[in-house]
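Asker: need coordinates for the following:
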Amino acid sequence: MSFVEFYQFVGQQLNEFLSYTAFQNVTTGHIIMICVGLYFINLAITKHFEPLLLIPIGFGIIIGNIPFAEDAGLQIGIYEEGSVFNQLYFGVQYGLYPPLIFLGLGAMTDFSSLLSKPKLVLLGAAAQFGIFAAYASSLLLGFSPQEAGAIAIIGGADGPTAIFLSSQLAPEFIGPIAIAAYSYMALVPVFQPPVMKLLTTRKERLIRMKPPRAVPKREKILFPIVGILLTTFIMPTALPLLGMLFFGNLLKESGVTDRLANTARNALVDIVTIFLGLTVGASTQATVFLTPESLMIFGLGAVSFLIATFSGVLFAKIMNFFSKEGDKVNPLIGNSGVSAVPDSARVSQHIGLEYDKSNHLLMHAMAANVSGVIGSAISAGILLSFLS
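Answerer: You can find the predicted model right below:
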């Protein structure tokens, strides 16, 4: 090989190498999404906003937006058949991860507060109004009924339910819907307090609620059995989520399956959260994610979430019109009707303590909060039943 031929060969190889680098394939969209990923990580570390979710999602966004030559058949992108990330994304695409998350959630949830004051389940039901308001708004903006149903569930602030429903109704929008749902879950301490303060008076914020009664062990064991029969007989399409939720709770409350309950609420849920967060984040590949529809989904999700908070607080005020003195509900717990467990309940507690350092609302708020989990799963089942 002559020197000239060697020089040409090296130049050709160098050009080919450069064509595969991220520098050669980067776009403004990739830079924007990488900045979004860094912002999520910053929120998790500096503000402590849902770090177990935002760090995997934020890092996944960075992974998903490392540019590469998409026509080279490298099999590294999340949307490339056969790639490692595509195989991990299987659990999102086919709704496998959400029921496993619900299993862990059931195994770590104490329903005593709800059993102690069953009427607070109405707050969980009231907060679902945001879902159906967003459904109507999505239809008006030109989304199909299936897409509108998947977008609407964001108002429940329940990431696993949003992923489950969008995988069934609008797989093409799983990425933006999941990111929106988890974003609003993490931003509960930012979005909800202004609405809560706007809708309540100082006198209402100082309402003291009766302490919860002690719930017998037998009642706790019976609850998941009665719960699964009652909810799924009414709405069988919610079975994958509610079945796993109540099964996890029975593992916890039975007292004879501690090993299984510990695995479900610790190792299993941690593993699934890692895979779920990472792949959902990676699905925000700029070439697929940055579209006008994605921005509309984020806007509709925010509106849905705010309406859910609004309706929960407002319904708590309405309940007080029919409650005897001494049995009134502090409207600050109305925000907990959304299913962002336990963050929205912590917000209720935090705002309540701002006005009375001895007024602890957490247990009451948790009753509304776990009701919201069940309510959002039932709402998803309703949408699935007539849209699938």
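Asker: got a list of what residue 261 touches?
Answerer: 107, 248, 251-252 (Cβ atoms under 8 Å, 6 or more residues apart in numbering). For the C-beta atoms, the positions are set from N, CA and C on the backbone; glycine is no exception.
Asker: can you redo those as TSV with distance to residue 295, secondary structure and pLDDT?
Answerer: As requested, the contacts of residue 261 are arranged in TSV below (distance: Cβ to Cβ, whole Å; DSSP: H, G, I helix; E, B strand; the rest coil; pLDDT from 0 to 100):
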residue	distance to residue 295	secondary structure	pLDDT
107	37	helix	96
248	36	helix	97
251	41	helix	97
252	41	helix	96
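Asker: biggest separation within those residues, which pair?
Answerer: Greatest spacing in these, by Cβ to Cβ: 248 and 252 (6.7 Å).
Asker: more crowded one of these two?
Answerer: Taking neighbours as other Cβ atoms under 10 Å, residue 248 and residue 252 compare with residue 248 leading, 28 against 24.
Asker: could you report the separation of that one from residue 262?
Answerer: Separation of residue 248 from residue 262 (Cβ to Cβ, to the nearest Å): 11 Å.
Asker: quick check: neighbours shared by the two?
Answerer: In contact with both residue 248 and residue 262: residue 107, using Cβ under 8 Å, 6+ apart.
Asker: and residue 95, what does it touch?
Answerer: Contacts of residue 95 (Cβ under 8 Å, 6+ apart): 163-164, 167-168, 240.
Asker: can you tell me which of these are in helices?
Answerer: Using DSSP state H, 163-164, 167-168, 240 are the members of those that sit in helices.
Asker: most surrounded residue in the residues you listed?
Answerer: Highest count within these by other Cβ under 10 Å belongs to residue 164, 29 neighbours.
Asker: nearest spatial neighbour of it, skipping sequence neighbours?
Answerer: residue 98 (4.0 Å; Cβ to Cβ, 6 or more residues apart in numbering).
Asker: in what helix or strand does the one you found lie?
Answerer: Secondary structure from DSSP states H and E places residue 98 in helix 97-108.
Asker: let's see that helix as PDB, backbone CA atoms only.
Answerer: These are the backbone C-alpha positions of helix 97-108, laid out as PDB (Å, rounded to 0.1, in the frame of the first residue of the first chain):
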ATOM      1  CA  TYR A  97     -44.000  -3.300  35.800                       C
ATOM      2  CA  PRO A  98     -47.000  -1.400  37.100                       C
ATOM      3  CA  PRO A  99     -48.700  -4.400  38.700                       C
ATOM      4  CA  LEU A 100     -45.400  -5.400  40.400                       C
ATOM      5  CA  ILE A 101     -45.200  -1.800  41.800                       C
ATOM      6  CA  PHE A 102     -48.700  -2.200  43.100                       C
ATOM      7  CA  LEU A 103     -47.800  -5.500  44.700                       C
ATOM      8  CA  GLY A 104     -45.000  -3.700  46.600                       C
ATOM      9  CA  LEU A 105     -47.300  -0.800  47.400                       C
ATOM     10  CA  GLY A 106     -49.800  -3.100  48.900                       C
ATOM     11  CA  ALA A 107     -47.200  -4.800  51.000                       C
ATOM     12  CA  MET A 108     -46.000  -1.500  52.500                       C
END
